[in-house]
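In: what would the 3D arrangement of this be:
(2 chains)
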Amino acid sequence: AQSVTQLGSHVSVSEGALVLLRCNYSSSVPPYLFWYVQYPNQGLQLLLKYTSAATLVKGINGFEAEFKKSETSFHLTKPSAHMSDAAEYFCAVRPLNSGYSTLTFGKGTMLLVSP
Amino acid sequence: EAQVTQNPRYLITVTGKKLTVTCSQNMNHEYMSWYRQDPGLGLRQIYYSMNVEVTDKGDVPEGYKVSRKEKRNFPLILESPSPNQTSLYFCASSTGTVYSPLHFGNGTRLTVT
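Out: Okay, the predicted model is just below:
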């Protein structure tokens, strides 16, 4: 079965510092990949998605993610953290040629931003 | 405004008392799903529906029921809630195409005592 691993349940950065949230998937065939963000007391919303058109994917709020097939990774980055980026981030994968319902979420990484 | 609406936002109940959490979407989406979110476990799918009158089990369906009589509504029913169903629940919808994202409601925090 497809699995997704997010390294680090919590990541702390200072405002203005680089944000790096890690996501690795277990599949020999690159799946569909997504990053979602959850702000306090809200549902998840899509940050970006990998559609195989380009390995570097740009999302909302200055986030981007790079697909690396050799490393089976889809890490999320932002050059300069802002206080408003504090939230929980989820990586999700859907295998190719699978049903739409087979979307697997990682356990999430809480991003903490200090002044 | 395009949205997924869940009600109630907060619910405290006692063991065994039947309850329903409603979910409605106004985007004419084919696909709807229920998730529960627990600390350290991420999101786990309870049930999903590809279309009206078509529902199927997700990863953790035990103790839950759903129905999809209309396209826009997808209620989650707990016939006899137990404390291990205390959780944060999310309804989500989508067009159902492979790249289309899920649109989530704001969640229902359920406490069963």
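In: ok, how many other residues are close to residue 57?
Out: Using chain A. 21 (other C-beta atoms under 10 Å in any protein chain shown). In short, each C-beta sits where N, CA and C put it, glycine included.
In: chain B, not that one
Out: Taking other C-beta under 10 Å as the criterion, the count of residues near B:Lys57 is 14.
In: and stretch A:46-60, how far out from the chain's middle?
Out: 10 Å (C-alpha atoms, centre = their mean, to the nearest Å).
In: got the buried residues for stretch A:41-60?
Out: Residues of stretch A:41-60 classed as buried by neighbour count (16 or more other C-beta atoms under 10 Å in any protein chain shown): A:Gly43, A:Leu44, A:Leu46, A:Leu47, A:Leu48, A:Lys49, A:Tyr50, A:Val57, A:Gly59.
In: out of these, which sit inside strands?
Out: Of the buried residues of stretch A:41-60, the ones assigned to strands by DSSP state E are A:Leu44, A:Leu46, A:Leu47, A:Leu48, A:Lys49, A:Tyr50, A:Val57.
In: so which of the buried residues of stretch A:41-60 reach chain B?
Out: The subset of the buried residues of stretch A:41-60 within reach of chain B, by C-beta under 8 Å from any C-beta of the partner chain, is A:Gly43, A:Leu44, A:Leu46, A:Lys49.
In: is it correct that the last one is in contact with B:Ser100?
Out: The reference is to A:Lys49. No - judged on C-beta atoms under 8 Å, A:Lys49 makes no contact with B:Ser100 at a distance of 9.2 Å.
In: now the strands: where do they sit in chain B?
Out: For chain B, the strands defined by DSSP E occupy B:4-7, B:10-13, B:19-25, B:31-38, B:42-51, B:54-57, B:65-66, B:76-78, B:87-94, B:103-104, B:108-112.
In: okay, buried residues for the first one please.
Out: Residues of strand B:4-7 classed as buried under the neighbour-count rule (16+ other C-beta under 10 Å) are B:Val4, B:Gln6.
In: quick one: distance of that strand to the chain centre.
Out: The answer for strand B:4-7 is 9 Å, by C-alpha atoms, centre = their mean.
In: now do the contacts for the residue of chain B at minimum distance from chain A.
Out: Ranked by C-beta to the nearest C-beta, the top residue of chain B for proximity to chain A is B:Phe104, at 3.0 Å. Residues in contact with B:Phe104 (C-beta atoms under 8 Å, 6 or more residues apart in numbering or on different chains) are A:Gly43, A:Leu44, A:Gln45, B:Val4, B:Phe90, B:Cys91, B:Ala92.
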